[in-house]
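S.K.: Predicted model follows, preceded by the sequence.
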Amino acid sequence: MRVLHSPVNVAGGPGAISAGLRELGVESTLLVFNERPFERGFDVNLELRDTSRLSSVPFNLPKQLRALRWAMREFDVFHFHAGLTLAPRRITLPLLRRARKAIVFQSWGSDLRGRSASEVGYLQEAGAVIVGSYLTRRLAPRGPWPEYDVVPPAIVLSDWEPAPAEPGVVVRVAHAPSKRAVKGTEAVIAAVDALRGSGAPIELDLIEGVPNREARLRYAAADVIVDQLKIGWYGMFAIESMALSKPVVVHLDADAAAETEEAFGLELPLVRADEGNLENVLAGLLEVRETLPELGRRSREYVEQVHAHTSVAARVLEIYERVMPISS
């Protein structure tokens, strides 16, 4: 079985699955349109121009079509990420179906959550559709495509050595928003400012627009990580932080949390908060700061059991085997 992941490496997640597949003995390649910000990696880079601009099409499309022609000769499974395909979907999907290739789509959030069924009708060409959480599965539109498979995002744990820390006099809170409005960043700033104003020993490290290597050093230096306060589930930032043995504060949908704990037989080691109560939650953590390293240790254990790239890849491999055409 030969697998192609393309065409984006969202937060390093597709790359981690591909690496996990290779460790399981599967020939897996990650192709990207261009390098994502913050150095996430790839095996093949088409080096396309800005794909959001119509003026880029004459430059990009010939490269995409050549890549598609090559890939159809080389691969059995096409695993597409974030609703994108190698060439425009109206070209790519019919060709792959006629060639009896296995097609898998994996959502990374906004490409599926909150969309209408008509916006994601291309999913009916897929043999499987993967989502990263039970929350996304519940909120995603239904249509004439396969029932969603829930597979947690993957992380290569050897790239994230634990960095536990005993809190000092001042507790350092890190927050790294990709989009402030989506993550509830203003509420994070306001909560820390209010606590500082009342004399609490706390500081905020707001991590934005920096290379991945610098961001990782700042995550490792934190005592507490605040992920998002609006969406209802944790993302790759939280997973990376837990891998570093950091306590993570995040807004969780209660039903999705219960489904996850039942599915994996584990308690979520996350501190729950939202925009309205974050100040109180952080104040509570300051009062029990001596317990933060233990919470961080539990966070690392959780990631090892749920998000390790080889475990996730094994689940993805089962999906491939289910959707592979019999004649392949």
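M.R.: That came through fine. As the structure is a computational prediction, the values presented were derived from the model and not from experiment.
S.K.: so where's the stretch 201-328 of the chain uncertain?
M.R.: Residue ranges of the stretch 201-328 of the chain with pLDDT under 70: 327-328.
S.K.: now the strands for it?
M.R.: 202-206, 224-226, 248-250, 271-272 (DSSP state E, counting those that start in this stretch).
S.K.: Paired strands for the shortest one, with orientation please.
M.R.: Spelled out, it's strand 271-272. Strand 271-272 has the following sheet partners, assigned by DSSP bridges: strand 248-250 (parallel).
S.K.: my guess is Val312 contacts Ser18, does it?
M.R.: No - under the criterion of Cβ atoms under 8 Å, Val312 makes no contact with Ser18, lying 10.9 Å away. In short, each C-beta sits where N, CA and C put it, glycine included.
S.K.: Of these two, give the one with the bigger neighbour count.
M.R.: Using other Cβ atoms under 10 Å, the more surrounded residue of Val312 and Ser18 is Ser18, with 26 against 22.
S.K.: Doesn't that one belong to a strand?
M.R.: No - assessed with DSSP: H, G, I helix; E, B strand; the rest coil, Ser18 is helix; it does not lie in a strand.
S.K.: Quick check: closest non-adjacent residue to the residue nearest to the spatial centre of the chain.
M.R.: Centroid check for the chain by Cα atoms, centre = their mean gives Met236 as the closest residue, at 4.4 Å. Once flanking residues are discounted, Met236 sits nearest to Ala11: 3.8 Å by Cβ to Cβ, 6 or more residues apart in numbering.
S.K.: What does the pLDDT read for the one you found?
M.R.: You'll see Ala11 listed with a pLDDT of 86.
S.K.: So what's the residue count around it?
M.R.: Ala11 has 22 nearby residues by other Cβ under 10 Å.
S.K.: what do you get for the one 4 residues further on?
M.R.: Gly15 has 23 neighbours, counted by other Cβ under 10 Å.
S.K.: And for Ser133?
M.R.: Here the number of neighbours of Ser133 (other Cβ under 10 Å) works out to 26.
S.K.: That one against Gly235, yeah?
M.R.: No - under the criterion of Cβ under 8 Å, Ser133 makes no contact with Gly235, lying 9.2 Å away.
S.K.: how about the strands of the stretch 201-328 of the chain in TSV, adding distance to Thr92 and mean neighbour count?
M.R.: Below are the strands of the stretch 201-328 of the chain laid out as TSV (distance: least, Cβ to Cβ, whole Å; neighbours: other Cβ atoms under 10 Å):
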stretch	distance to Thr92	mean neighbour count
strand 202-206	40	18
strand 224-226	38	28
strand 248-250	36	24
strand 271-272	41	18
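S.K.: now for these, which one comes closest to Val26?
M.R.: strand 248-250 (31.1 Å; Cβ to Cβ).
S.K.: what about that closest one, distance to the chain center?
M.R.: With Cα atoms, centre = their mean, to the nearest Å as the basis, strand 248-250 stands 16 Å off its chain's centre.
S.K.: what's the answer for stretch 240-255, then?
M.R.: With Cα atoms, centre = their mean, you get 13 Å for stretch 240-255.
S.K.: In it, which of the residues would be classed as buried?
M.R.: By neighbour count on 16 or more other Cβ atoms under 10 Å, the buried set for stretch 240-255 is 240-253.
S.K.: Between these, which sits nearest Leu195?
M.R.: For the buried residues of stretch 240-255, the closest approach to Leu195 (Cβ to Cβ) belongs to Val249, at 13.2 Å.
S.K.: and the closest one, what does it touch?
M.R.: Neighbour list for Val249: Val224, Ile225, Val226, Asp227, Leu270, Val271, Arg272, Ala273, Leu278, Val281, Leu282, Leu285 [criterion: Cβ atoms under 8 Å, 6 or more residues apart in numbering].
S.K.: what do you get if the cut-off is 7 Å, keeping everything else the same?
M.R.: Taking Cβ atoms under 7 Å, 6 or more residues apart in numbering as the criterion, Val249 is in contact with Val224, Ile225, Val226, Asp227, Val271, Ala273, Val281.
S.K.: I figured the third one hits Ala187, correct?
M.R.: The one in question is Val226. No - taking Cβ atoms under 7 Å as the definition, Val226 is not a contact partner of Ala187, at 9.3 Å.
S.K.: how much space between Val77 and Val3?
M.R.: Going from Val77 to Val3 by Cβ to Cβ, to the nearest Å gives 4 Å.
S.K.: sorry, back to before: how about the strands of the stretch 201-328 of the chain in JSON lines, adding distance to Ala71?
M.R.: Below are the strands of the stretch 201-328 of the chain laid out as JSON lines (distance: least, Cβ to Cβ, whole Å):
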{"stretch": "strand 202-206", "distance to Ala71": "41"}
{"stretch": "strand 224-226", "distance to Ala71": "38"}
{"stretch": "strand 248-250", "distance to Ala71": "37"}
{"stretch": "strand 271-272", "distance to Ala71": "43"}
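S.K.: where do the helices sit along the stretch 51-200 of the chain?
M.R.: For the stretch 51-200 of the chain, applying DSSP state H, counting those that start in this stretch gives helices covering 57-74, 89-98, 134-139, 180-183, 185-197.
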